[in-house]
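> Build me a structure from this.
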Amino acid sequence: MGFSKLLAAYLILAIFVAPGLQAGNVFVLPGPSNLNQTATMLTPESLLQVGSTISAPSAFKVFSKPDGSRVYIVASSAVDSLVVADAAGNVIARHSLGAVSAAELSPDGRKLAIAAATAYLLDTTIDTAPVAVNLGFVPSDVAVSVDSSRAFFVGSGTTQVSAVDLTTNATAAFVTLPQSGTNVATAPGGWVYVSSSNAIYEIDGRGTMGIRAEIPTGGQPGKLQFTPDGLRGVALNRTGFGAGPVSILDVSSRMVTPIASAVQLFDANAPGKLAVTSNNRAFAAGSDGRLYSITLNPPAITQAVASVSGITSVVASEEKPNARYLFFLSPTTLYRSATSLFTSDGLETPASAGISGLPSVLAYAGAATGVFPAGLTAVGPSPIVPPGMTTMLTVRVIDVSGKPVYNTPVAFSTDSVGPTILNPTVNTGTDGLARTNVTAPPFAGAFTVRAAAGVGLSVSIGVSVGEGIETGTGVTAISGQGQLVNAATAGRQLVVQVRDSEGNPVGGTEVTWFSSGVGIGGVPVTVTSQQNITDALGRAVATFSTSPLLSAELAAASVTANTLYGSATFYITIFPIIDPFTSQPIPPPAVTFSFGSQTGVIEGQAGQTITNAVAVQVLRQAGVSFGSGVPNVGLTVMTNADPALGPTAACAGGTVLTDAQGVAVCNLVLGPRPGDTQLTVDVGGYVQRTFALRVQAGVAGELTLLQGNNQSGSAGEQLPQALVAEVRDSLGNLLPFATGIQWEAVNQCATLSGSSSTANNQGRVQTLVRLGNVAGSCQIRVTAGDASATFTVQVASAAGQVTAISGGGQAAILNQNFAQPLVVEVRDAQGALLPNTPVSFAVTSGSATVSSPSATTNAQGRAQVAVTAGASTGPVVITATSGTGSATFSLTVVPVGPSVERAGIVNGASLQPGVVPG
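Next comes the predicted model:
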């Protein structure tokens, strides 16, 4: 057996000495280019070491099957770059795949996708040799789709992004970027994001794939990590690029904000440098060895812990939306801080454990431990989809502690007419996410999809069906349609977009342009420039000019863009301005406007379609057809507002062309955001008129828990925190002063008081809870309209007996850890064990510190803490208290023992040192 294989075997055998993989654990790994280093596995709550050994060379990431039966360790070494073992520590296989640069386990736990010398896929259900997939390039990074159907690979030397089917192990599709990608990540909402130089590309990874957007960055971001709500992505910028060390992607607006900071840059190429802990915060290990806090809104970077230096890696525990713990590593110490205790002064004084071997990377892995669904939320931006197209909807299921719940069914349904749910029931992955595909109806408007999981959990997701002018299948005119143009002038650009049968943009396809029409002296329009190959977004552009007209009559012309995917025709109407015979001015066509509102303001709810909102009529004012209607003139509306930030509106179907009577009617589709704005109505690019538009929030469709969930208290006590929820409509808009709020304690398990029946000016409602007398879980349900949400709190029987089980009578040397934790058992007054009961631990006398001031009893009614000796010798008393009961532990801090050296031994007769009698 080779030396590196022996090291890998030691690692596997040692880290499973204790049954740690039944829950999440912190792995301390050597990291890239590190040989003969110690790898250690510790429990997150107490930082107790459950195994350590010399690691495989350059190990940097660990994965676990959802049931904890297998563990997979990847390394950047050429030998034993993948090691597979069972839960007992028996090595199942060793694979030398070449240096691994990245790996991801599918959310269903069935496939491990690996980027090495080529792409590899390991079937974790049988754990045989990984299957190589020839991509035609050497991959540098990999990501897996939310539904576990595909793995996406990028390579630094190619512009290709390849999707590999995780069922067939074959390339299913690929898309070509304008430039090479360096990293790839999948957002919780389902879209795929590729980092590149000065840009991030948003990709639809379904079907034949396609580029949805090219997002400028101004730097070179590394791999994106996303917030639990899926609304923001965070990337460390690669050293030497960009205006700041961190870039923040707003997924809704597709805008990147670089954070300018005086701190040193981060090493975006190295593993384990960034950890997202909530919807508004991340932490990163700086290249200067400091730990930094990154606030996402407003963007800011501050030092998180001033007292600790030499930090090389960070990782967070798995709870959503707020990770319970942040772990950070120096070459000699593993630190842990509770993220809930972060203040403007930084993190709390961290707990710590000594580590040997100069490791550099942290990982967090273990069995999926979330069991009973207690929370269900939608993730990702509020979807806006064109008529007839398919979009993705994603929800997350968590348990009472915030841990993702794995393999629980989520049912998607809708009462709306028109939409089709393609996957009505989907099981969650290890991240608690479940994704479905929904096809919108062929008309504009809005609809709601309801997701349900567990017992009584549901969430409503509003989907806005927009005009569809920039999407659809085939070839679509997206700008320049229906122009009304002076003779002998240049018109506006004509822009088409080509999409495949799944709605993805098709780049690199040929477009031919043809003009037609009838005019004295020939065709009245000439295509003056043209783009014959579509770009990465499937677009092609042409320009045109009009010829002089030799009469007082209008001329009708068209320009057609032909492709293999179909064609699109632009209609153009040319009007003369000078009579060629009299040299007198000719009046242009007249345009009249009308709109349905009688108040002078167009009003409606977000997502609503207002029929007959705006109408125009275009009439001839010269020639033999004086007074008749002008057909094929385009009516378009716009608000010039970002859909993610302010009110928007569009005509159903995009540009509406006038009919034979010269009439065009716009059924106005309101966007998802409320507010007041100006609606600009454009007719043929020739005449514009502005109207006032007021978009109001819709009815209650979503309730979000903000405060008070997962509290616990003794029977009959009032919980310290009020339960607070936020009311929004189905499109995600806050609903200040929403009425009809109802609160209910399920099974009368608690008494409610001060319950809000109307939301405040921030859309928030609350109630106070006094716990009932029955121990166990208690659910409080809040309802607003069709939306409901459930708080879960725990009722603990009052503790009457606290018994010291083990840990007393120990001794430890100054400033060293006591060998055994202090363990207590808690029972009620009738002698029944009390699980989920808080116990406080305090140093009553002497010099020592406890690892945590409080702990919660487990299912056996036991709680424990670790103790570190202080700087003074002598007795130590530690008191554990719960309810009316308490127990004490007596410990002793002893000095370091004396040392004896050979030079200190002398001959009894001569008193000479180093002489042995005899």
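
> make it CA atoms for all contacts and neighbour counts henceforth
Fine.

> Distance of Ala738 relative to Ile461?
18 Å (Cα to Cα, to the nearest Å).

> ugh, wrong one, Ser156
Distance of Ser156 to Ile461, given as Cα to Cα: 38 Å.

> what about those two, which has more around it?
Neighbour totals were compared for Ser156 and Ile461, and Ile461 leads with 25 against 17 (other Cα atoms under 10 Å).

> thought the more buried one was touching Asn733?
No: with contact defined as Cα atoms under 8 Å, Ile461 does not count as touching Asn733 (11.7 Å).

> Not including adjacent chain positions, what is the nearest residue to the residue positioned nearest the centre of the chain?
The centroid of the chain falls nearest to Gly230 when counting by Cα atoms, centre = their mean (2.9 Å). Nearest residue to Gly230 in three dimensions, chain neighbours excluded: Gly380, at 4.4 Å (Cα to Cα, 6 or more residues apart in numbering).

> can you count the residues close to the one you found?
Neighbour tally, Gly380, other Cα under 10 Å: 22.

> quick one: it and Leu814, what's the gap?
As judged by Cα to Cα, Gly380 and Leu814 stand 52 Å apart.

> Ok, Ala129 next?
51 Å.

> Look at the two and report which has more neighbours.
A count of neighbours by other Cα under 10 Å puts Leu814 above the other of Ala129 and Leu814, at 21 against 13.

> where do the strands sit along the stretch 251-400 of the chain?
255-259, 274-276, 281-285, 291-296, 299-303, 313-316, 325-329, 333-338, 351-354, 361-365, 375-379, 384-385, 390-398 (DSSP state E, counting those that start in this stretch).

> Let me see the backbone angles for Thr751.
Main-chain dihedrals, Thr751, degrees, to the nearest 10: phi -110, psi 130.

> Could you do Gln864 as well?
Main-chain dihedrals, Gln864, degrees, to the nearest 10: phi -150, psi 160.

> Number of residues surrounding the residue lying closest to it once chain neighbours are set aside?
Excluding its sequence neighbours, the residue lying closest to Gln864 (Cα to Cα, 6+ apart) is Val823, at 4.4 Å. Using other Cα under 10 Å, Val823 has 19 other residues around it.

> that's a strand at Val823, yeah?
Yes: under DSSP: H, G, I helix; E, B strand; the rest coil, Val823 sits within a strand.

> Quick check: bridge partners of it?
Under DSSP bridges, the beta-bridge partners of Val823 are Ser806, Gln864.

> what bits of the stretch 701-850 of the chain have low per-residue confidence?
Across the stretch 701-850 of the chain, the ranges flagged by pLDDT under 70 are 798.

> Which stretches in it count as strands?
Under DSSP E, counting those that start in this stretch, the stretch 701-850 of the chain gives strands at 712-714, 723-729, 742-745, 750-753, 764-771, 776-784, 787-796, 799-806, 811-813, 822-828, 838-845, 848-850.

> who's in contact with the longest one?
The one in question is strand 787-796. 374-375, 400, 456-460, 700-705, 708-715, 723, 771-783, 834-837 (Cα atoms under 8 Å, 6 or more residues apart in numbering).

> Partner strands of it and their direction?
In its sheet, and by DSSP bridges, strand 787-796 pairs with strand 712-714 (parallel), strand 776-784 (antiparallel).

> swap in the third one?
The strands beside strand 742-745 in its sheet (DSSP bridges) come out as strand 776-784 (antiparallel).

> Run the chain-centre distance for the strand it pairs with.
27 Å (Cα atoms, centre = their mean, to the nearest Å).

> Kindly export the helix or strand Ile574 falls within (C-alpha atoms) in PDB.
Using DSSP states H and E, the element containing Ile574 is strand 566-575. Written as PDB, here are the backbone C-alpha positions of strand 566-575 (Å, rounded to 0.1, in the frame of the first residue of the first chain):
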ATOM      1  CA  GLY A 566     -39.100  30.900 -37.900                       C
ATOM      2  CA  SER A 567     -39.500  34.500 -38.900                       C
ATOM      3  CA  ALA A 568     -40.700  37.800 -37.600                       C
ATOM      4  CA  THR A 569     -42.100  40.700 -39.600                       C
ATOM      5  CA  PHE A 570     -41.900  44.400 -38.600                       C
ATOM      6  CA  TYR A 571     -44.600  46.700 -40.000                       C
ATOM      7  CA  ILE A 572     -43.600  50.200 -41.000                       C
ATOM      8  CA  THR A 573     -45.900  53.000 -42.100                       C
ATOM      9  CA  ILE A 574     -44.300  56.000 -44.000                       C
ATOM     10  CA  PHE A 575     -46.000  59.400 -44.300                       C
END
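
> That one: which residues count as buried?
With burial defined by 16 or more other Cα atoms under 10 Å, the residues of strand 566-575 counted as buried are Ser567, Ala568, Thr569, Phe570, Tyr571, Ile572, Thr573, Ile574, Phe575.

> residues in contact with stretch 546-553?
485-491, 519-520, 523-526, 555, 574-576, 578-581, 586, 622-624.

> Give me the distance between the two termini of it.
End-to-end for stretch 546-553, by Cα to Cα: 14 Å.

> Now do it, average pLDDT.
The average of the pLDDT scores along stretch 546-553 is 86.

> before we move on, back to that, so for the strand holding Ile574, what's the average pLDDT?
Strand 566-575 comes out at a mean pLDDT of 90.

> Deepest in the core, which of the strands paired with strand 787-796 is it.
strand 712-714 (a mean of 22; mean count of other Cα atoms under 10 Å).

> what about it, distance to the chain center?
With Cα atoms, centre = their mean, you get 33 Å for strand 712-714.

> what's in contact with it?
Counting by Cα under 8 Å, 6+ apart, Leu719, Leu771, Val793, Gln794, Val795, Ala796, Ser797, Ala798 sit against strand 712-714.

> got it, and stretch 843-860?
With contact meaning Cα under 8 Å, 6+ apart, stretch 843-860 is reached by 46, 351, 825-826, 833-842, 862-879, 893.

> try 7 Å
Residues outside stretch 843-860 that contact it (Cα atoms under 7 Å, 6 or more residues apart in numbering) are 351, 833, 835-842, 863-872, 874-879.

> Mind jotting down where the helices sit in the stretch 351-500 of the chain?
In the stretch 351-500 of the chain, no segments count as helices under DSSP state H, counting those that start in this stretch.

> Run through it and note the low-pLDDT ranges.
By pLDDT under 70, the weakly predicted segments of the stretch 351-500 of the chain are 386-387, 442-444, 466-473.

> what do you get if the cut-off is 50, keeping everything else the same?
Within the stretch 351-500 of the chain, the stretches with pLDDT under 50 are 467-472.

> and the helix or strand containing Thr690, what's its mean pLDDT?
Thr690 is part of strand 687-696, with elements assigned from DSSP H and E. Averaged across strand 687-696, pLDDT comes to 86.

> list the helices and strands it packs on?
If contacts are counted by 3 or more Cα pairs under 7 Å, 6 or more residues apart in numbering; DSSP states H and E, strand 687-696 sits against strand 601-605, strand 675-683.

> for it, which positions count as buried?
For strand 687-696, a neighbour-count test (16+ other Cα under 10 Å) marks Leu693, Arg694, Val695, Gln696 as buried.

> same deal with stretch 639-659?
In terms of neighbour count (16+ other Cα under 10 Å), stretch 639-659 has its buried residues at 639, 643-644, 646-659.

> Just checking the distance from it to the centre of its chain.
Taking mean C-alpha positions (Cα atoms, centre = their mean), stretch 639-659 and its chain are 28 Å apart.
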